[in-house]
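S.K.: predicted coordinates and the sequence they were generated for:
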Amino acid sequence: MHPALPRPLQQRAVLIVGALLLAALASLLVAGMTGSIAVAPSDMPAALLQVLRGQSDSMAATLLELRAGRALVAFVTGGALALAGVMMQALLRNPLADPYILGISAGASVGALFALMLMCAAATVDAAALGGAIAVALLLYLFARRDMRGGVAAGGGTSMLLLTGVILSAACTALITLMLSIAPEGRLRTMVFWMIGDLAGAPLRALPWIALGAALAYALRSARAMNVLALHADAAATLGVRVGALRKGLFFVSGVLTASAVTSAGSIGFIGLIVPHACRFAFGPDHRVLIPAAVLGGGSFLVLCDTLARTVVAPTQLPVGAITALIGAPVFLYQLHQLRK
């Protein structure tokens, strides 16, 4: 862990991250074994070896290979959303902030739904979603760049950023409603599933993993500065924190993570909101522990939710965003109740 941590805290952090890493591996194994056709635990070692060798000769290995790709997409998407939630809450100094609050996901939805309405190929839909997210992020920065240069204004120095994000999100929502009202009936189901969040058919690509790895490295490097900004916002600059550079970094990196997640799986809600809160309640607010815990917890949570989505009424598959919302809403209400107590 971070070398500045005292030795007892280092040991605690290693235990926490180690336990969450084991939980993440367990969630991936559960996803591989569970489905309309279950894979017996006794068949898993041989099937896993066949998959690693690229020789899926048995039914168990074939099923495991199919499910493993989807589970890995779920893990990287959940980890990206959880990390983006931690960074967005640190940027806005608002515990209710989530990756979607600034409208970047709404911009991605506009691009993706427009491509879906035109019956474009999957690669074109992904490119359109990424383009929409980038366009909104650039508009946000253009209108609120003075708000992120430094100093602490009303609302923690980010009031203009938050208001601009809300307005752009509302505009994108209006465009989404307009497209849904004029879209052909044959495309509506696909468009609605994409809006809710769906991992069926999501390709396993290297780019989301690269984005998550780079963002995690940046977040861990900035963890001490994020602690100072959260606890002593008024005096952060005098304590040696480059507030303007930190805000810009948090904004851009969380925006890239959100765009990557939404492009891969659509708008999946609540992960960037409840996972950081749950990790804070369980492990404390220190970002040096919170950041890796949120990535592992968010990835494991989405893998398990996606497993439920494809098995609870199998062979029919549910949008995973509906499962995360059904679980996330009561969990977040419970967290709010505990926070008030």
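M.R.: Sure, I can see it. Numbering: from 1, shown residues only.

S.K.: tell me the average confidence for stretch 75-83?
M.R.: Mean pLDDT, stretch 75-83: 96.

S.K.: straight-line length of stretch 227-240, end to end?
M.R.: 12 Å (CA to CA, to the nearest Å).

S.K.: report how many residues lie close to Leu118.
M.R.: Other residues near Leu118 come to 12 when the count uses other CB atoms under 10 Å. Backbone N, C-alpha and C define where each C-beta goes, glycine included.

S.K.: report the contact partners of it.
M.R.: Counting by CB atoms under 8 Å, 6 or more residues apart in numbering, Leu118 makes contact with nothing.

S.K.: pLDDT weak spots in the stretch 101-250 of the chain?
M.R.: 147-158, 232-237, 239 (pLDDT under 70).

S.K.: show me where it has its helices.
M.R.: 104-117, 122-144, 159-182, 185-196, 206-221, 223-231, 243-265 (DSSP state H, counting those that start in this stretch).

S.K.: which other helices and strands does the first one contact?
M.R.: With contacts taken as 3 or more CB pairs under 8 Å, 6 or more residues apart in numbering; DSSP states H and E, helix 104-117 sits against helix 122-144, helix 159-182, helix 185-196, helix 243-265.

S.K.: by contact count, what packs against the first one?
M.R.: Packing partners of helix 122-144 (3+ CB pairs under 8 Å, 6+ apart): helix 104-117, helix 159-182, helix 243-265.

S.K.: in which helix or strand would I find the residue nearest the centre of the chain?
M.R.: Nearest to the geometric centre of the chain sits Leu81, at 1.1 Å (CA atoms, centre = their mean). Assigned by DSSP states H and E, Leu81 belongs to helix 59-92.

S.K.: and that helix, what's buried?
M.R.: 60-61, 63-65, 67-68, 70-92 (16 or more other CB atoms under 10 Å).

S.K.: same check, this time on stretch 169-180
M.R.: Ser169, Ala171, Cys172, Leu175, Ile176, Met179.

S.K.: surely the fifth one touches Trp194?
M.R.: Which is Ile176. No. With contact defined as CB atoms under 8 Å, Ile176 does not count as touching Trp194 (10.6 Å).

S.K.: overlap in contacts of the two?
M.R.: Ser109, Leu113.

S.K.: now His287, nearest residue through space, not along the chain?
M.R.: Among residues not flanking His287 along the chain, Ala223 sits closest, at 4.1 Å (CB to CB, 6 or more residues apart in numbering).

S.K.: out of the helices and strands packed on helix 122-144, the one nearest Gly131 is which?
M.R.: helix 104-117 (5.2 Å; CB to CB).

S.K.: the closest one vs helix 59-92, what angle?
M.R.: 130 degrees (axes from the mean of the first three to the mean of the last three CA atoms, to 10 degrees).

S.K.: please state the offset of helix 104-117 from the chain centre?
M.R.: Centroid displacement of helix 104-117 relative to its chain, using CA atoms, centre = their mean, to the nearest Å, is 17 Å.

S.K.: may I have that helix exported as CSV, CA atoms only?
M.R.: Backbone C-alpha positions of helix 104-117 (Å, rounded to 0.1, in the frame of the first residue of the first chain) are rendered in CSV as follows:
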residue,chain,number,x,y,z
ILE,A,104,-21.3,12.7,-19.4
SER,A,105,-23.3,9.5,-19.5
ALA,A,106,-26.3,11.4,-20.9
GLY,A,107,-24.1,12.6,-23.7
ALA,A,108,-23.0,9.1,-24.4
SER,A,109,-26.6,8.0,-24.4
VAL,A,110,-27.5,10.6,-27.0
GLY,A,111,-24.7,9.4,-29.3
ALA,A,112,-25.5,5.7,-28.8
LEU,A,113,-29.2,6.0,-29.2
PHE,A,114,-28.9,8.1,-32.3
ALA,A,115,-26.7,5.3,-33.9
LEU,A,116,-29.1,2.6,-32.7
MET,A,117,-32.0,4.5,-34.2
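
S.K.: is it true that the residue nearest to the centre of the chain touches Ala261?
M.R.: Yes. Using CB under 8 Å, Leu81 is in contact with Ala261, at 5.0 Å.
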